[in-house]
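> Sequence and computational prediction follow.
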Amino acid sequence: MIKKKTTDSLIEKYSESNSSRVMLQLIPYIGTPIDTFIAGKGAQIQKSRIDDYLETITNRLNKIERKVELEPSEELFDFMNMSFECVVRTRSKEKRDHFASILVNQVSGDFKWEDAEFAFRILSSVEEVHLKILKSITEARQFNGKRLVRLRSNGQRLAGEILPDSLTSLFPKLSLDKLTLICSELIAKGLITDEGIGHLSGGAMDCFVPTELADWFLEWVADQESE
């Protein structure tokens with residue numbers, strides 16, 4: 001079982017660096033307020049995020065029915081060090097919970113640490129909105145043998161006609177430009193592919209399908225105990 005450890009060394013690095021604090025305080029107008037925030041409230045925020053992360057891990061591991069024996073190892077140390085660095089920079093509670101899911105799934109499933117680290121790197125490079133859009137694409141209805149989602153709707157449907165859902169309809173609060181950017185970022189990470197050309201008379205960046213990597217990744221960030 002993973003025990004809660006002190007996080008002082010993580011949140012006090014800046015406070016203990018006199019040269020960094022002096023340089024920051026010399027910045028006109030904003031230096032002193034930023035220094036006060038980082039050394040004071042900023043450190044509290046970082047500690048609160050790590051405490052929340054560790055509490056989530058503890059609660060979930062306590063629900064595992066089978067006994068888990070986890071020996072201290074270099075892989076565990078490297079993973080926890082990486083996770084702390086990511087968690088202290090993560091404002092979203094949901095995303096911190098996803099980080100916790102990766103660790104819990106690794107411990108309970110006894111997978112290779114390299115796989116957990118890879119999932120962690122993907123998660124650290126995206127935001128919660130990326131995950132929501134990715135999940136909507138993986139849950140899309142089958143169309144011509146593929147789970148397919150369009151970027152935007154293409155007019156009205158005829159009676160009885162079945163067309164893929166559109167991201168503009170699923171996420172009406174997001175602009176078309178932002179949806180396009182997010183999809184391009186998901187493509188770059190290998191999580192979805194652009195299937196616009198050749199489908200529904202569409203063009204590039206018009207239709208998207210999830211990849212096997214997307215299914216694999218979403219399994220890692222899911223809270224298996226609540227599903």
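Arrived safely, thanks for sending.

> Would you tell me what the next helix or strand after the longest helix anywhere in the chain is?
Once the chain is assigned using DSSP state H, the helix that runs over the most residues is helix 43-62. The element immediately downstream of helix 43-62 (helix or strand, assigned by DSSP states H and E) is helix 74-87.

> now the angle between helix 43-62 and that next one, please.
In this structure, helix 74-87 runs at an angle of 130 degrees to helix 43-62, with axes from the mean of the first three to the mean of the last three CA atoms, to 10 degrees as the basis.

> Just the CA coordinates for helix 74-87, please, in PDB.
Included here for helix 74-87 are C-alpha records, laid out as PDB according to Å, rounded to 0.1, in the frame of the first residue of the first chain:
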ATOM      1  CA  GLU A  74      12.800   2.400  -8.600                       C
ATOM      2  CA  GLU A  75       9.800   2.300 -10.900                       C
ATOM      3  CA  LEU A  76       7.400   3.300  -8.200                       C
ATOM      4  CA  PHE A  77       9.700   6.100  -7.000                       C
ATOM      5  CA  ASP A  78      10.000   7.500 -10.500                       C
ATOM      6  CA  PHE A  79       6.300   7.300 -11.100                       C
ATOM      7  CA  MET A  80       5.300   9.000  -7.900                       C
ATOM      8  CA  ASN A  81       7.900  11.700  -8.500                       C
ATOM      9  CA  MET A  82       6.500  12.300 -11.900                       C
ATOM     10  CA  SER A  83       2.900  12.300 -10.700                       C
ATOM     11  CA  PHE A  84       3.600  14.800  -7.900                       C
ATOM     12  CA  GLU A  85       5.100  17.200 -10.500                       C
ATOM     13  CA  CYS A  86       2.000  16.900 -12.700                       C
ATOM     14  CA  VAL A  87      -0.500  17.100  -9.900                       C
END
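
> Now do it: which elements does it pack against?
The contact analysis (3 or more CB pairs under 8 Å, 6 or more residues apart in numbering; DSSP states H and E) places helix 74-87 against helix 43-62, helix 93-109, helix 113-124. Just so you know, the C-beta spots here come from the backbone N, C-alpha and C atoms, and that holds for glycine as well.

> what's the closest of the ones you listed to Thr168?
The minimum distance between Thr168 and these falls on helix 93-109, with 22.9 Å, by CB to CB.

> Break the chain into its domains for me.
Taking automatic domain parsing as the domain assignment, the record places the domains of the chain at 8-125, 128-221.

> Tell me which of the helices and strands packed on helix 74-87 is the most buried.
Ranked by average neighbour count under the criterion mean count of other CB atoms under 10 Å, the helices and strands packed on helix 74-87 are headed by helix 93-109 at a mean of 20.

> what about it, average pLDDT?
Computed over helix 93-109, the mean pLDDT rounds to 90.

> and the angle for it with helix 74-87?
170 degrees.

> still on that earlier bit, for the helices and strands packed on helix 74-87, give me CSV that also has distance to Ser184.
Formatted as CSV, the entries for the helices and strands packed on helix 74-87 read as follows, by distance: least, CB to CB, whole Å:
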stretch, distance to Ser184
helix 43-62, 29
helix 93-109, 21
helix 113-124, 16
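
> ok, how many other residues are close to Leu191?
Counted with other CB atoms under 10 Å, the neighbours of Leu191 add up to 27.

> Can you point out the helix or strand that includes the closest residue to it other than its chain neighbours?
Residue nearest to Leu191 in three dimensions, not counting chain neighbours: Ala214, with 4.4 Å by CB to CB, 6 or more residues apart in numbering. For Ala214, the host element (DSSP H and E) is helix 212-221.
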